[in-house]
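K.L.:
sequence first, predicted model second:
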Amino acid sequence: MSMTLSSSLASVDQAERAIEEYAERVGFDEDTRGNIAMAVREAVVNAVLHGNAYDTNKQVTVSFETTTDDLLVRVADQGAGLDPESIPDPLAPENILRGSGRGIFLIKAFMDEVNFRKTHPGTEVTLIKHRTPA
């Protein structure tokens, strides 16, 4: 499944609903679906806000697929690109009270693997959740 979304906050809600429905169809339990949905929400917020900077001429692509072992979600923007190493640690004392900067931290907490790839222009983040046998 693939979706091309506008660089707007409405797209965030659309992507979150879509992944939650998809994760249910492929057999993830309610708690895990909520975690996956939150991770995708954060990834799409980053793509819209930081990647595309709300530029209406740029889009966000979100795709979902499952393999025997995994759920893979890819979120790609068309912006300037992101260096994940440049993101400040949200748990560092100087960042604890900041109102933003926790999205990547949350994504990594909710997913089993998170990979970044520069796409020139833009960034693609791949979120992986392992499927566990029932």
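P.N.:
Thanks, I have it. Numbers count the residues shown, from 1 in each chain.
K.L.:
sec struct for the closest residue in space to residue 2 that isn't next to it in sequence, please.
P.N.:
Spatial nearest neighbour of residue 2, excluding adjacent residues (CB to CB, 6 or more residues apart in numbering): residue 63 at 4.2 Å. For every residue, glycine as well, the C-beta is placed using N, CA and C. Three-state secondary structure (criterion: DSSP: H, G, I helix; E, B strand; the rest coil) places residue 63 in strand.
K.L.:
do the same with residue 108
P.N.:
helix.
K.L.:
residue 63 reaches residue 4, doesn't it?
P.N.:
No. If you go by CB atoms under 8 Å, residue 63 and residue 4 don't touch, sitting 9.7 Å apart.
K.L.:
mind checking how far residue 53 is from residue 115?
P.N.:
Between residue 53 and residue 115 the distance is 23 Å, computed by CB to CB, to the nearest Å.
K.L.:
any idea what the residue nearest to residue 2 is bridged to?
P.N.:
The residues listed as beta-bridge partners of residue 63 by DSSP bridges are residue 2, residue 74.
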